[in-house]
Each structure stands twice: as structure tokens, then as C-alpha cells.
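Student: Sequence first, predicted coordinates after that:
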Amino acid sequence: MFVLRDSKARNPWLNLAIDEAICQYFGRSEFPGLVRLWLGAPAICLGRTDDVHKNTPPELTSDATARKLLWKNRVNLMRRASGGGTVLHGPGNWNYSIFLSLEKFPQVYPVKQSYEVFLGMVTRALKSQATVQQAGQSDLVIGMGDATKKISGNSQFRKFGICAHHGTLLADPGLIDSIARLLPHPPKEPDYRSRRTHSEFLGSLPVDFSIERFFDSLTEQVATFVDQPARSLGKVDTKNIFQLAAKLTKKIYTKRSWILEGRTE
């Protein structure tokens, strides 16, 4: 089983493409699994079928570009290959991705069952630092009842014989103000949200939360599941995946037709 620690805040479109590139690179090979930790540059990230006009500020819609000189200096707009709602990436919101072979682990093909498997691993990895539970189909929350706060959203896609599950961890409470300012109330929401605003609905992990400790624990959880020891992804494989991701970025993820409409040309 492979591990990829990738905490550099790189080009946000490339960051999304890396997850698809991993699936394409290892797809239908003797591949048991991989876990990746990554940090996104500031960007609003649409789910695969999200309506851009209902989920983003108008000024971003009118200038949905991926110009190289701009991505470090503004909040960008992008669209991922997985479903789910629109989220804000950036410092203070960590990302993790877990990849499992559908041939080796067919139990993660059904969507509901797969979320139970993946979120079970994430919950156990968080256990020593925070008490969380699953809410809705794909969220992780802290607190109980009316005090329930979302700290993690998750989504999936299945390509090339691999199930890719990725999620966020809201570690910095200061990011909640940015989410409230930049994202409109979602057109669809889980029942447990009860029409609460972003500021009322979102929470963050403890101030002393260690992302490295979490990632080590998550790696152990995935390694136990696939029954293989974890090892770092080799330099050659990493280079090949990043080169493939760069091609996908240019071909799909930076195209206005993809960002605004979810349409590949």
C-alpha cells in the first residue's frame, strides 16, 4: 500500500487532477490502495454536477480562468470529478484522499456501504484527537443535537477500476468567516443542517490538532484494511503521476467548459 504526503500548496487545478491521475496510473493493475494528504491553494471547488450560478459568487463565474500568474493571489474557481457540494479549499482546510481497488475490494462499490467503510477509517484515525461521528451520507461532525457542527465533507468518484474517496478537515476556525462570505447557502442540504447558516453549521478541530498524527493514524487504518504494510510512493511513480496530472489539468480541469458546466470537450 502506498503513501503520498503532498502538503505543498500547489496549483489548485493540478491538485484535483492528481487524484484522477492516480486512478488512471494504477487502474486495473496490481494495486491494493493509496492514501494521500494534501493542502489546496485558496479555491472554491464545485462538485461534479453543481450549478455554478447557485453555488458561487458572480465575480468568479465571469472570470473562471486558470492563468498561471493569478492562482496564488486570489480565490480561484474549479470543479472536481466527484459529487457532493461546493467547498472552499485553502490554508486551514486539509484534504485527504484514499484509493482502493474495486477488484480487490468490491464492498466499496456500493455508495452507501463505501461511505461506511471510508468514514469508519477516518473516524478511527481522528479518535485520539477528536470525537466525531458520521452525519448525513458523507459528513463528519462534532457535538450533539442542535450543537452538531460539520468539520469534514467527503465525496467519491470511480474510474479505471478504482474508488477514489476524498474529504476535507476544517482545522482553522478562521476559515469559517471566509466560507460564510464567499459561499451562498447551498441549494441542497442534509436534514441535520436545519437551514443553519455556514457560521452556525460549521465547526473546526481542536486548536492542538496534529495533522501529521492524524495522517499517520489514517495510514495505519488503510494499511490494516488492505492487509499490507504502508510505504512511501516511489520517486518514479510520483513523477509519472504528476506528469499525467499536468496533462489532465491542461486537457480538462482548467477548461472553462469543465469549470462552469462540468462538460469535457
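Tutor: Received it, and whenever you're ready, just let me know what you need. Residues are numbered from 1 along each chain as shown.
Student: in stretch 114-130, what's buried?
Tutor: 114-115, 117-119, 121-123, 125-126, 129-130 (16 or more other CB atoms under 10 Å). C-beta here means a position set from N, CA and C on the backbone, and glycine is covered the same way.
Student: what about the closest residue in space to G47 that isn't next to it in sequence, how many residues close to it?
Tutor: Leaving aside its sequence neighbours, G47 sits nearest to G84 (CB to CB, 6 or more residues apart in numbering; 4.4 Å). Other residues lying near G84 total 22 when counted by other CB atoms under 10 Å.
Student: you'd agree G84 is up against S155?
Tutor: Yes: contact criterion CB atoms under 8 Å: G84 and S155 qualify, at 3.4 Å.
Student: Could you check the pLDDT of R256?
Tutor: For R256, the model assigns a pLDDT of 88.
Student: brain fart, A180
Tutor: pLDDT at A180 comes out at 94.
Student: Name the next helix or strand downstream of the worst-scoring helix or strand of the chain on mean pLDDT, please.
Tutor: In the chain, no helix or strand scores lower on mean pLDDT, DSSP states H and E than helix 58-61, which sits at a mean of 69. Remark: after helix 58-61, the chain's next helix or strand is strand 76-79, criterion DSSP states H and E.
Student: Dump that next one to CSV, keeping only the CA atoms.
Tutor: What follows is strand 76-79, C-alpha atoms only, in CSV (Å, rounded to 0.1, in the frame of the first residue of the first chain):
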residue,chain,number,x,y,z
ASN,A,76,-10.0,30.5,-7.7
LEU,A,77,-12.8,28.5,-9.1
MET,A,78,-12.6,24.8,-10.0
ARG,A,79,-14.6,21.7,-10.4
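Student: counting contacts, what elements does it pack onto?
Tutor: Where contact means 3 or more CB pairs under 8 Å, 6 or more residues apart in numbering; DSSP states H and E, strand 76-79 is packed against helix 12-26, strand 43-46, helix 58-61, helix 256-261.
Student: buried set for the last one?
Tutor: The neighbour-count check on helix 256-261 (16+ other CB under 10 Å) flags 258-260 as buried.
Student: what would those residues look like in JSON lines with distance to S232?
Tutor: Formatted as JSON lines, these follow (distance: CB to CB, whole Å):
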{"residue": "W258", "distance to S232": "31"}
{"residue": "I259", "distance to S232": "33"}
{"residue": "L260", "distance to S232": "37"}
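Student: Closest one to L169 out of these, please.
Tutor: I259 (24.5 Å; CB to CB).
Student: what about that closest one, distance to H185?
Tutor: From I259 over to H185 the distance is 22 Å, taken as CB to CB, to the nearest Å.
Student: again with L175
Tutor: 17 Å.
Student: which of the two has more neighbours?
Tutor: Taking neighbours as other CB under 10 Å, L175 and H185 compare with L175 leading, 19 against 14.
Student: Could I get the pLDDT score of that one?
Tutor: 93.
Student: Settle this for me: it is touching W94, isn't it.
Tutor: No: with contact defined as CB under 8 Å, L175 does not reach W94; the gap is 10.7 Å.
Student: For stretch 19-39, list every residue counted as buried.
Tutor: 19-26, 31-39.
Student: How about stretch 242-250?
Tutor: Per 16+ other CB under 10 Å, stretch 242-250 contains these buried residues: 242, 244-246, 248-249.
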